[in-house]
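Participant: Structure, please.
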Amino acid sequence: MKPLTIVAAGAVVVALSCGAAGAQNGLEIRQDRKDVRQDRHELRQDNGDIRQDRRELAGDRRELARDREAGRADEVKRDRAALRDDRRELREDVRDRRDDRRDLRQDRRELGKAQDIQRDRKDVRQDRRELREDNRDIRQDRRELAGDRRELAQDRKAGRADVVKRDRAELRDDQRELREDVRDRRDLRQDRRELRRDVRQ
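Facilitator: Below is the predicted model:
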């Protein structure tokens, strides 16, 4: 199998796997965004609950102070029990808010990671397009190089010294262009390997 055919076959396999992975990644991003919205909603509810708990606590303290002043011992006992309940509820709501904040931070990190992966996949697709262009350029360079070699051989045979000199110069230019295109392709392949590694991580 020719090297370019192997590259093309590999590109098809990678494209299919990236396509499936891209769809999966899109679902993950949508789910992560939904989770972030849900976390924000729960955080707003927690903040509302905490404000309500604090209002009730302040109200219970005022009642306790009034009942103490009036010397109502039974009422003071009930007020203290209500105060303890309100404090417990406030602690629970503060704990819920802390947990929801942690969940929100985690979901935001996951969303950021998923978006980075999506960007990396977009870069891989762009690299793949550039790689196809480089492969075309390399094929063209090789055709031109083969043509220049044929011309050089014909001009040598015909004994045309000036033309042979020009043919050699063209041959050197074509070889330089081929080396540059091969280097570009190698760089793109390296970028693609790095991006695949980032996606896996």
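
Participant: drop to CA atoms for contacts and neighbour counts, all remaining ones
Facilitator: Noted.

Participant: what's the distance between the residue nearest the centre of the chain and Lys122?
Facilitator: The chain has Asp116 as the residue nearest its centroid, 1.3 Å off, counting by CA atoms, centre = their mean. According to CA to CA, to the nearest Å, Asp116 and Lys122 sit 10 Å apart.

Participant: now Arg143
Facilitator: For Arg143 relative to Lys122 (CA to CA), the value is 32 Å.

Participant: try Arg54
Facilitator: For Arg54, the distance to Lys122 - CA to CA - is 50 Å.

Participant: Could you find the closest non-adjacent residue to Asp167?
Facilitator: Closest residue in space to Asp167, ignoring its immediate chain neighbours: Leu152 at 5.5 Å, by CA to CA, 6 or more residues apart in numbering.

Participant: count of neighbours near that neighbour?
Facilitator: Using other CA atoms under 10 Å, Leu152 is surrounded by 21 other residues.

Participant: check which helix or strand covers it.
Facilitator: Using DSSP states H and E, Leu152 falls within helix 73-158.

Participant: show me the contacts for Arg186.
Facilitator: With CA atoms under 8 Å, 6 or more residues apart in numbering as the criterion, no residue contacts Arg186.

Participant: Okay, now the unreliable bits of the chain?
Facilitator: Within the chain, the stretches with pLDDT under 70 are 1-25, 120, 191, 195, 198-201.

Participant: Specify the residue positioned farthest from the middle of this protein.
Facilitator: Gly71 (66.5 Å).

Participant: after the helix holding Leu152 comes which helix or strand?
Facilitator: Next helix or strand after helix 73-158 toward the C-terminus (DSSP H and E): helix 161-200.

Participant: May I see the buried residues of that next one?
Facilitator: Within helix 161-200, the residues scored as buried using 16 or more other CA atoms under 10 Å are 164, 167, 170-171, 174-175, 177-178, 181-182, 184-185, 188-189, 192, 195-196, 199.

Participant: quick one, that helix and helix 73-158 angle?
Facilitator: Angle of helix 161-200 versus helix 73-158, following axes from the mean of the first three to the mean of the last three CA atoms, to 10 degrees, is 160 degrees.

Participant: How far away from the center of its chain is helix 161-200?
Facilitator: Centroid separation for helix 161-200 versus its chain: 31 Å, with CA atoms, centre = their mean, to the nearest Å.

Participant: gap between stretch 65-79 and the chain center?
Facilitator: 61 Å.

Participant: That one: end-to-end distance?
Facilitator: 9 Å.

Participant: Just the residues contacting that stretch, thanks.
Facilitator: 60-61, 63-64.

Participant: cool, stretch 37-57 as well?
Facilitator: By CA under 8 Å, 6+ apart, stretch 37-57 touches 83, 86-87, 89-90, 93-94, 96-97, 100-101, 103-104.
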